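[1] Predicted model, plus sequence, below.
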Amino acid sequence: MKQTDVANPEYFHKVVDCQYACPAHTPVPAYIRLIAQKRYTDAYLINWESNVFPGVLGRTCDRPCEPACRRGRVEEEPVAICRLKRVAADHKDDVAKHLPKAGPPNGKKIALVGAGPASLTVARDLAPLGYELHIYDAQAKGGGFMRSQIPSFRLPETVLDEEIGYVLDMGVTTFFDTYVDSMAALLNKGYDAIFVGSGAPRGRDLPKLPGRKEADANIHIGINWLANVAFEHTKEIGKRVIVLGGGNTAMDCCRTSRRLGGEDVKVIVRSPFADMKASPWEKEDALHEGIPILDNHVPREFVVEKGKLVGMTFDKVAAVYHDDGRRELVSTGADPEFVPCDDVLIAIGQENAFPWIEKDTGIRFTGWGTPIINDDETFQSTRKEVFFGGDSAFGPSNIITAVAHGHKAAVSIDLYCQGKDPAVRPPPYVNLVSQKMGIHEWSYDSIPTVDEREIVPLEDLKKALNDRKVEVELGFDLDAAFVEAERCLNCDAQTVFTDVNCIECDACSDICPTNCITFIANAPEEELRQNILVPAENMEQDLYVSGTLPTGRVMVKDEDVCLHCGLCAERCPTAAWDMQMFFYNVTKATPNLVDVR
Amino acid sequence: MSYAKPNFRHPRLPKNALGYTVSDYDGAISTLCAGCGHDSISAAIRNACFLSSIQPHRIAKLSGIGCSSKTPTYFLGKSHGFNSVHGRMPSVATGASVANRDLTYIGISGDGDTASIGMGQFVHLIRRNVNMTYIVANNGCYGLTKGQDSATADLGSLSKYGAANQFEGIDLASLALLQGASFVGRSFSGDKEQLEPMIRAAIAHKGFAFIDVVSPCVTFANHVGSTKSYSATRTQLDAMPLDFVPMREEIRTQFDAGTSQAVTLHDGSVIHLHKARDDYRTDDRMAALASLQESKENAKFLTGLLYLDPNSQDLNQTLNLASRPLNDLGKVELCPGSRVLNSINEGLR
Ligand SMILES: Cc1cc2nc3c(=O)[nH]c(=O)nc-3n(C[C@H](O)[C@H](O)[C@H](O)COP(=O)(O)OP(=O)(O)OC[C@H]3O[C@@H](n4cnc5c(N)ncnc54)[C@H](O)[C@@H]3O)c2cc1C
Ligand SMILES: Cc1ncc(C[n+]2csc(CCOP(=O)(O)OP(=O)(O)O)c2C)c(N)n1
Ligand code: SF4
Ligand code: SF4
Ligand code: SF4
Ligand SMILES: [Mg+2]
């Protein structure tokens, strides 16, 4: 194997599993350490710089970081990264004074369509550079789906208002209650660039299912219904409710129904329970609120009596998994099942829709209805001054993905407005500093604690179901937050190996609690993976290979289950190993937005 | 400084025949200097016991005084141990082995502990062929007392403070050969590939198994001019590799015909020797002595299994002692009563 090039920042970035998995690459372990030090404001600021909405995301993030978390590979549960983010948001001091202001005008004007997380991120990243920013949204307030879709019992309005405010306060001009109905017209308004962050606003229907038209009064498209609830146009629902679908929208629909008068609320889904798209914790929350989930049920018909919906029938199926990974739902042959109900909420997915973008604007679309985009770095459309991001770019995703797109699109827009090539990306900000404090001492808590994952306390169920605005999760108290923060393995404390210093005493290999280090004859990667002390079966994790040592061998470290405990470096007589803190901040239009020492 | 190893282990650690992982053979975290050769020997012992699937509670670790003698704390944390007086481990080992012949005895000593203060006891251990493995972690100095030259320091080797040693060093392997040891090996702490199988063979051997392991002291004897530093040892190293295949285990490695020979131990396990030279044999004491002498003259440091008598008679057999451990014998067997005493006395009249 070739010697590992640790000068390439992506090598160590990948070692920080959570940060690497986070679409916006939030420096997770850095903020977790700040929480352990009770520096909640600083922890918040690091988050804010990376993900713009720490308070929102600390409650609602899809948290791709957690399944990636190293802790989950050495014990049962990952670090509660997401809920620690909420701790920073809940316990910070007033942060307004630490946030950047709009820069002196640079003479360029940008339009942003939609005020969801994608557009707000673009605005936040560009404002300090002096851009004049105009945000258009059909809704009365900013936030996009964060406001219209995510129910208040998961995300209180105060949290949303605060964090949207931080962005809009940077001199952004808003045009709310303004639906942009013509891209051609917008293009004629003299903007230097346009960002489209209009989301994926069309909820799927079941137009062909028998009875659909007749029962229309009691059938609602999930996302429209949720928006109506959020804006208080809808205040109640029937006692018996069927929610169709198995994703997070279905979970929000059923839980909201329980709060608007639904007593017998059921989620009914085509796929097996385990294959449902909803996150495990969302399913748990629904079950906890007394909502049964009926899986393997395919909708057959809306049953209407005397012109009114009385229930639905379903065909029962079983999933058959084929060798090529394909899943097929085959009928069990059982009789169709009738489920009585007063209302049905259809939550079976969303689509992109751009009825307001004319063909002759030169913006072209794929067969899926998404815009054709240069690549997932520039987000530039087939019309050079128009950029897409968030759900509008590749279809429905989540807030943190929208934020990540926003950072990249802002960089592109800034380059484009300066007449530079958006494909030539500025590098990320990286830093690598030794953590040595004494002969055998590191400036971080190197030896991992053994505590199990803390559980987030919940509001009393009865109280929660009484009022859709009562937040269900109470958040960690500070003691629990400390214990949880200490569970983090500090994966950003990198083991850096300097081969010329190594005297091949084996001390590091002998001490390593998880047998990561082997001194061995070099070989191709597949062979090395087998030959080291414990075979490296996790192909997603890299091998760190040194240059050739005096005995002709190489040092091979399997990054998979390294605890970042620093014992290798402690036991090394020559400091060939050193623990060095790696800080990685993604490329942004404004590189440094906050100041955290 | 860390005083404890984290509790987490690799989730896919291999298991031995007893279902244990190598971490079940771990001890406390070492307090020796970072990079000490002794820690490598500890790891080699741990690995050897794991690989040979020995029940940790059927092992007793014995030692004297010195950095080397401290190491039993740092491996086999679930085994028995006796940290004796300086140079006096042999008498404790002899007593223990006679009292309970069923345990595996591993003695760890230093060059000071063995070649100076403990020399008198050491030779008697050999002479009596006590059934144990005796490892000397040989750094050519008294590490624990700040690095004074020991009796194994080579002539002319420079101390940390620059003085050349004026005396010829004692070669413990030659001494053991001369004194009639039934198993004599020599190795280097930095060569686990050789050391691990050698320790496994020594443990399987019935009788006194002696291994002299050069083990650099990073603090007091790893400088330029020290003959027992990592680099000096590696420069001179002339290693005869070996493999250990325990009884009933399939032989997986393929050796070229004529380059390897096999020695079968009394329990059926096999040691494979990969020849460093044509006339290499392990059953010729004189030849072993000669090759040690010869390699020294050629400024080489010969390591490998030097001599082995797989059929030697250990102390328990020689003295015709009870075949079961004392703690296994009942009151009647231990104290047969006045009738038996009378009959013995009668027999002596
Ligand atoms: C029920 C539900 C629950 C969800 N829960 C979560 C969750 O818990 N966590 C999570 O991470 N994600 C969640 N999501 C997904 C998340 O809300 C979206 O992925 C994210 O908001 C997309 O951001 P965006 O900026 O691309 O667009 P959006 O947030 O969709 O915002 C688009 C905005 O553009 C406006 N707009 C559209 N067209 C026009 C136009 N022509 N003129 C003017 N304005 C226009 C819309 O009014 C809207 O406000 C959920 C989605 C749904 C449906
Ligand atoms: C009876 C007695 N005499 C002297 C000492 C002092 N002493 C402690 S360790 C040691 C030498 C240890 O040398 P060695 O066995 O080579 O061990 P190392 O520390 O080098 O591994 C001496 C002389 C002692 N502890 N007890
Ligand atoms: S242990 Fe900490 S740094 Fe490592 S992946 Fe988990 S949260 Fe991130
Ligand atoms: S930091 Fe070093 S000793 Fe600790 S687990 Fe990682 S490689 Fe092993
Ligand atoms: S502890 Fe240091 S000197 Fe010893 S083998 Fe490891 S890296 Fe090399
Ligand atoms: Mg010594």
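    Thanks, I have the structure now. Ligands and ions are numbered 1, 2, ... in the order given.

[2] Name the residues that touch the strand or helix carrying A:Gln530?
    In the assignment (DSSP states H and E), A:Gln530 maps to helix A:525-531. Residues from elsewhere that reach helix A:525-531 (Cβ atoms under 8 Å, 6 or more residues apart in numbering or on different chains): A:1, A:518, A:520-523, A:535-537, A:543, A:545, A:556, A:558. C-beta: built from backbone N, CA, C; applies to glycine.

[3] can you do 7 Å?
    A:Met1, A:Ile520, A:Ala523, A:Pro535, A:Ala536, A:Leu543, A:Val556 (Cβ atoms under 7 Å, 6 or more residues apart in numbering or on different chains).

[4] Then stretch A:370-387?
    Contact partners of stretch A:370-387, identified using Cβ under 7 Å, 6+ apart, comprise A:192-196, A:352, A:361-366, A:388-389, A:393-395, A:405, A:408-409, A:412-413, A:416, A:422-423, A:425.

[5] follow-up on the earlier one: okay, buried residues for the helix holding A:Gln530 please.
    A:Leu528, A:Arg529 (16 or more other Cβ atoms under 10 Å in any protein chain shown).

[6] ok, now stretch A:136-145?
    Of all the residues in stretch A:136-145, those buried under the rule 16+ other Cβ under 10 Å are A:Tyr136, A:Asp137, A:Ala138, A:Gln139, A:Lys141, A:Gly142, A:Gly143, A:Gly144, A:Phe145.

[7] Return the closest of the residues you listed with respect to ligand 4.
    A:Phe145 (41.1 Å; Cβ to the nearest ligand atom).

[8] tell me the contacts of residue 57?
    No chain was given, so I picked chain A. By Cβ under 7 Å, 6+ apart, A:Leu57 lies in contact with A:Asn51, A:Lys85, A:Ile399, A:Ile400.

[9] look at chain B instead
    Contacts of B:His57 by Cβ under 7 Å, 6+ apart are B:Lys78, B:Ser79.

[10] got the contact list for the longest helix along chain B?
    In chain B, taking DSSP state H as the definition, the longest helix is helix B:37-51. Residues outside helix B:37-51 that contact it (Cβ under 7 Å, 6+ apart): A:505-507, A:510, B:16, B:20, B:22, B:25-26, B:30, B:32, B:59, B:67-68, B:71, B:74-76, B:106, B:135, B:137, B:139, B:189-190, B:192, B:195-196, B:199-200, B:203, B:213, B:215-216.

[11] I'd like the distance from stretch B:84-95 to the chain centre, please.
    15 Å (Cα atoms, centre = their mean, to the nearest Å).

[12] And for residue 94, the neighbour number?
    With no chain named, the answer covers chain A. 7 (other Cβ atoms under 10 Å in any protein chain shown).

[13] wrong one, chain B
    Count around B:Thr94 with other Cβ under 10 Å applied: 19.

[14] what's the spacing between it and B:Leu177?
    21 Å (Cβ to Cβ, to the nearest Å).

[15] Could you do A:Arg529 as well?
    43 Å.

[16] then stretch B:234-242 to CSV, C-alphas only?
    Extracted C-alpha coordinates of stretch B:234-242, given in CSV (Å, rounded to 0.1, in the frame of the first residue of the first chain):
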residue,chain,number,x,y,z
ARG,B,234,19.2,-5.0,15.3
THR,B,235,22.5,-4.4,13.6
GLN,B,236,24.0,-7.6,15.1
LEU,B,237,20.9,-9.7,15.1
ASP,B,238,21.3,-13.1,13.5
ALA,B,239,17.9,-14.7,14.2
MET,B,240,16.9,-18.3,13.6
PRO,B,241,13.2,-18.2,13.2
LEU,B,242,10.9,-20.8,14.7
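
[17] What mean pLDDT does the strand or helix carrying A:Val433 get?
    Using DSSP H and E, A:Val433 sits within strand A:429-434. Confidence for strand A:429-434, expressed as mean pLDDT, is 94.

[18] does ligand 5 sit close to the very next helix or strand once past it?
    Next helix or strand after strand A:429-434 toward the C-terminus (DSSP H and E): strand A:436-438. No. Remark: strand A:436-438 sits outside contact range of ligand 5, by Cβ under 6 Å from any ligand atom, the gap being at least 14.0 Å.

[19] What strands line up against strand A:436-438, and which way round?
    With DSSP bridges as the test, strand A:436-438 is paired with strand A:441-442 (antiparallel).

[20] neighbouring contacts of the strand it pairs with?
    A:Gln435, A:Lys436, A:Gly566, A:Met579, B:Met1.

[21] can you tell if that strand touches ligand 4?
    No. Residues of strand A:441-442 are not located near ligand 4 by Cβ under 6 Å from any ligand atom, the shortest gap being 10.0 Å.

[22] where's A:His407, which helix or strand?
    Assigning secondary structure by DSSP H and E places A:His407 in helix A:399-417.

[23] picking that back up, nearest to ligand 2, out of the contacts of strand A:441-442: which one, please.
    B:Met1 (19.8 Å).

[24] Identify the residue spatially nearest to that closest one, adjacent ones excluded.
    Closest residue in space to B:Met1, ignoring its immediate chain neighbours: A:His440 at 3.8 Å, by Cβ to Cβ, 6 or more residues apart in numbering or on different chains.

[25] The one you found against A:Trp577, yeah?
    No. A:His440 sits out of contact with A:Trp577 when judged by Cβ atoms under 7 Å, with a separation of 12.0 Å.

[26] ok, the two, which is more surrounded?
    Set side by side, A:His440 and A:Trp577 show more neighbours around A:Trp577, with 24 against 15, by other Cβ under 10 Å.
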